[in-house]
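A.B. asks: next comes the sequence, and after it the predicted model I'd like to discuss.
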Amino acid sequence: MISRSPYLVQQYFRIPPVTRTIVTLQLFLSLAAKLGFLDITDVFLSWPLIRAGEVHRLITSALYLGPLSISVLFHIYLSFLSTSSQLEQYRFYHAPAKYTFALATGVAMFMLANNLPSIHYYSLVTPLSIFILYLNSKYSMGRVIVLVFMIPSAAAPWVILALNVLQGSPVLPLLTAILCAHVFYWVDQVLPAITAQRVDPLETVRASIGINKIDSLYRRWIARDRID
């Protein structure tokens, strides 16, 4: 059915599902801000407001980039559409629940780190983009990504970190995002390898909350859709 759709629709649905959802929500929030329906005060991370019931900030603080503009579109393309698509395509292929779990774990780690001295996240967009870049650099060793120019995926998180620091961002929260990504990768890949799969806490959690079952159902649905 998608093959008979207009070209742009085909390209949109070729984006892996989790990345497609993230980018769609980012564009929606940015467009709403551009049209005056949304303000930064409605979406930034604030624990007092979250405890008061504004739980949407747990999500919007990780997605909102600002009012729609060329720079926002550029950020969405470089940090999310390009890198997240590559990560989802090669490491989490046909496993949207597993990828969503990875990103949610990263966001939860940022929120825990937010309680440390000198680390104050009001927006989780940049930490999340660096988290994705670093995971991609570890899971996609040897590949290249396009950040205006082609660079090895291993160098990408450090390039983005340096650019953010040059623009005035504090370095400690950015390094913390890389540390969170490295801890996730170590627990996901290194720990099971060195214990011969005897210790795999992330897989245990994923199995206990039904992540693997969801992905199995998704793959069945994809297979049936292709047959139809």
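C.D. replies: Everything's here; your move. Everything numeric in this text was worked out from a predicted model, so none of it was measured. Residues are numbered from 1 along each chain as shown.

A.B. asks: what comes up buried for stretch 47-64?
C.D. replies: By neighbour count on 16 or more other Cβ atoms under 10 Å, the buried set for stretch 47-64 is 57, 60, 61, 62, 63, 64. In this view, the C-beta of every residue, glycine as well, is placed from N, C-alpha and C.

A.B. asks: of all the residues you listed, which two lie farthest apart?
C.D. replies: Largest separation among the buried residues of stretch 47-64 by Cβ to Cβ: 57 and 63, giving 10.5 Å.

A.B. asks: residue ranges with poor pLDDT in the chain?
C.D. replies: Counting by pLDDT under 70, the ranges of the chain that qualify are 1-5, 141-149, 225-228.

A.B. asks: just the strands in it please.
C.D. replies: With DSSP state E as the criterion, the chain has strands at 144-147, 149-152.

A.B. asks: which residues of the chain fall in helices?
C.D. replies: Remark: helices assigned in the chain by DSSP state H are 7-14, 17-34, 47-51, 57-60, 70-75, 83-90, 96-113, 125-139, 156-166, 171-185, 191-194, 201-208, 211-227.

A.B. asks: contacts for the fourth one?
C.D. replies: Outside helix 57-60, the residues within contact range by Cβ atoms under 8 Å, 6 or more residues apart in numbering are 29, 42, 43, 44, 45, 46, 49, 50, 107, 111.

A.B. asks: got the contact list for the last one?
C.D. replies: Meaning residue 111. By Cβ under 8 Å, 6+ apart, the residues touching residue 111 are 45, 58, 121.

A.B. asks: what of the third one?
C.D. replies: Residues in contact with residue 43 (Cβ under 8 Å, 6+ apart) are 29, 56, 57, 60, 61, 63, 64.

A.B. asks: ok, these vs residue 18, which is closest?
C.D. replies: Nearest member of those to residue 18, counting by Cβ to Cβ, is residue 63, at 12.5 Å.

A.B. asks: surely the closest one touches residue 29?
C.D. replies: Yes: counting by Cβ atoms under 8 Å, residue 29 is a contact partner of residue 63 at 5.9 Å.

A.B. asks: adding distance to residue 203, write the buried residues of stretch 47-64 out as a markdown table.
C.D. replies: Shown next, in a markdown table, are the buried residues of stretch 47-64 (distance: Cβ to Cβ, whole Å):
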| residue | distance to residue 203 |
| --- | --- |
| 57 | 30 |
| 60 | 30 |
| 61 | 29 |
| 62 | 24 |
| 63 | 28 |
| 64 | 32 |
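
A.B. asks: flag every buried residue along stretch 89-101.
C.D. replies: 91, 92, 94, 95, 96, 97, 98, 99, 100, 101.

A.B. asks: now do that stretch: distance from first to last residue.
C.D. replies: 15 Å (Cα to Cα, to the nearest Å).

A.B. asks: before we move on, what about stretch 184-204?
C.D. replies: Rule used - Cα to Cα; the end-to-end distance of stretch 184-204 is 14 Å.
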